[in-house]
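Asker: my questions are about this predicted structure, shown below with the sequence.
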Amino acid sequence: MDLLGIGFILLFGVVGAAIAYGADWLGRTIGKKRLSFRKLRPRHTAALITTGAGFLIPILTVALVALLSRDVRVWLIEGRKAIQENQQLIRRASEDRKTFEAEIRDLQRQRESLGKQTLELRQSFQTIQIQVAGQNEEIRENKKLLEGERARLAAAQTQRAQAQARLASLESKYKGLAQKYGQLEQDYQKQVKNLNDNVFAINKELSEREQRLSETKKELDTTVKQFDIARETFEQDIGAARAELEKFRTARDEAQTAYETIKGQKERVEWELASLRQLQAAAQQGLDLNLRITRTQPLIFRGGEELTRVRLGANQTLEAARGALTSLLRSARLWADKKGASANGEGVSAGLVDIPMERGVVTAQEQFDALARAVTQRPQETVLIAYAFWNGFTGEFLPLRIEAYQNPIVFSRGQRITETRVDGTLPEETILEQIQTFLLKEVGQEAIKSGMIPAIGAERPLGEAPAEDILALVKEIKDARRTIRLLAMAAQDTRAADSLKVEFRVR
């Protein structure tokens, strides 16, 4: 409460006490003196005076308070109007407050929206950074390819220079023949001129001269024919040289293509051979360790057993391949921890290990990098699978080997896998056993033959059909009471590394 209001209340209390005291004093005084006003009795006179005093004293008190307080004067003058204005101001203040709170809520929502947009922009920026890194890697690879193309261009230019040199040699021969023809033509003209100059002087030797002329003409004709033959031969040589040049260019292109193919095959064979040697050396190294602990600890993984697999899309960058390999190793370590493997000195329970080779030791990091490069920019989807290098036992570190396989679509949805015949007159147990055998053997063998990658070591390497579907199928076959054809169909598009989902059709 305002102190001024408290002061007014106290002031009114004091004034009221003074009024009461003054009225009491006035009443006693008038009563003692027994005064009378006009013809009123003293008692009535005292009551009249007391009433008048009681009327005047509050008025004087309010006037005094109004003189002392401006707020009281305003309240006395304006009255209800001030109260109404005050209420209106209160309502306006309440409306302004609601408006302000609504604006605050809008600002908060805008701040949250800006926060989300900032997060999305950061994620977009990170994605762009990854894409830029991939583009930089592609640029480096393109530079390497450009250098190779420049080297091949230099070789082609060398071959072109050789061909030009041969062509220049042929042109030189042609020029020599042309000069010889020109010389012969000059000799002929000289002889004709000499004959014309001496025709009158040597009439006696005309016969001999004519004969000589005829012989010379024959020689010239022979020479011209030889020149024509030489020219035709030269043109044929030019055409043959051009044909040989085209054949050489075609053969060079074919040889270059074959060389690139053989080179790629050679690199792949060398890499696979190195991997096999690594596996052999590591298996020999781990064999001694397994022999020492097989009699003391329980077996948790068999050699070659699959721990986990990760799918990698087509045309992936080197960075994406590294991320997929890291995720594969992380999943394999979690599974190894769960099965009871123990961490090594680096704090991991499973992973790639250094492998001694004839040329030196191939480190785990080198194996990781080689795998990442091998699966980069593949045109088809790839699956990475982590296998136990050798038998793993409780309380020891589990070495891993990682294989990369292509992951094409093996079965399309609704595609027939294989079929069998089942006798519906047999007992339900026998029908169920035949269906399970059909799934495990015929369907499984056909799936592996078609390119499915089984999960080695799993109870169901290729997947399984729901038990309720099999039981419903047994009942359907039993109700048929005849021998039926049972077709196993792919329930969905299935890749090599997927779990095979089978649906049955009875005919």
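Answerer: That came through, no problem.

Asker: doesn't E396 lie inside a strand?
Answerer: No. Looking at E396 with DSSP: H, G, I helix; E, B strand; the rest coil, it is coil, so not inside a strand.

Asker: what about the strands in the stretch 301-450 of the chain?
Answerer: With DSSP state E, counting those that start in this stretch, the ranges of strands along the stretch 301-450 of the chain come out as 306-312, 350-351, 355-357, 360-362, 382-388, 392-393, 398-406, 409-411, 416-423.

Asker: quote the end-to-end distance of stretch 388-406.
Answerer: Distances were taken as CA to CA, to the nearest Å; on that basis the terminal residues of stretch 388-406 are 20 Å apart.

Asker: can you add mean pLDDT and give the strands of the stretch 301-450 of the chain back as a markdown table?
Answerer: What follows is the strands of the stretch 301-450 of the chain, written out as a markdown table (pLDDT from 0 to 100):
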| stretch | mean pLDDT |
| --- | --- |
| strand 306-312 | 90 |
| strand 350-351 | 90 |
| strand 355-357 | 74 |
| strand 360-362 | 78 |
| strand 382-388 | 92 |
| strand 392-393 | 86 |
| strand 398-406 | 90 |
| strand 409-411 | 91 |
| strand 416-423 | 90 |
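
Asker: tell me which of those strands approaches E103 most closely.
Answerer: The stretch from the strands of the stretch 301-450 of the chain with the least distance to E103 (CB to CB) is strand 306-312; that distance is 50.9 Å. Glycine gets a C-beta too; all of them are placed from N, C-alpha and C.

Asker: for that closest one, name the packing helices and strands.
Answerer: Counting by 3 or more CB pairs under 8 Å, 6 or more residues apart in numbering; DSSP states H and E, the packing neighbours recorded for strand 306-312 are helix 318-339, strand 382-388.

Asker: any idea which of those gets closest to L426?
Answerer: Proximity of these to L426 was assessed by CB to CB; the nearest stretch is strand 382-388, lying at 39.8 Å.

Asker: partner strands of the closest one, parallel or antiparallel?
Answerer: Partners of strand 382-388 in the sheet, by DSSP bridges, are strand 306-312 (antiparallel), strand 398-406 (antiparallel).

Asker: next, the angle helix 318-339 makes with the longest one.
Answerer: When you say that, I think you mean strand 398-406. Between strand 398-406 and helix 318-339, the angle formed by their directions is 140 degrees, by axes from the mean of the first three to the mean of the last three CA atoms, to 10 degrees.

Asker: what's strand 398-406 in contact with?
Answerer: Contact partners of strand 398-406, identified using CB atoms under 8 Å, 6 or more residues apart in numbering, comprise 279, 282, 286, 301, 307, 325, 328-329, 332, 336, 341, 349-353, 367, 371, 374-375, 378, 380-390, 392, 453, 496-497.

Asker: mind redoing it with 6 Å?
Answerer: 332, 336, 341, 350-353, 371, 375, 380, 382-387, 389, 392, 453 (CB atoms under 6 Å, 6 or more residues apart in numbering).

Asker: do stretch 341-360 as well
Answerer: Applying CB under 6 Å, 6+ apart, the set of residues contacting stretch 341-360 from outside is 278, 281-282, 329, 332-333, 336-337, 361-364, 367, 395-400.

Asker: deepest in the core, which of the helices and strands packed on strand 306-312 is it.
Answerer: Among those, ranked by average contacts under mean count of other CB atoms under 10 Å, first place goes to strand 382-388 (a mean of 23).

Asker: what's the host helix or strand of E101 packed up against?
Answerer: E101 is located in helix 80-197, with elements delineated by DSSP states H and E. Where contact means 3 or more CB pairs under 6 Å, 6 or more residues apart in numbering; DSSP states H and E, helix 80-197 is packed against helix 206-293.

Asker: 8 Å instead, please
Answerer: Contacting helix 80-197 under the criterion 3+ CB pairs under 8 Å, 6+ apart are the following elements: helix 206-293, helix 318-339.

Asker: and that helix, what's its mean pLDDT?
Answerer: The average of the pLDDT scores along helix 80-197 is 77.

Asker: ok, F389 to R401 distance?
Answerer: Counting by CB to CB, to the nearest Å, the gap between F389 and R401 amounts to 5 Å.
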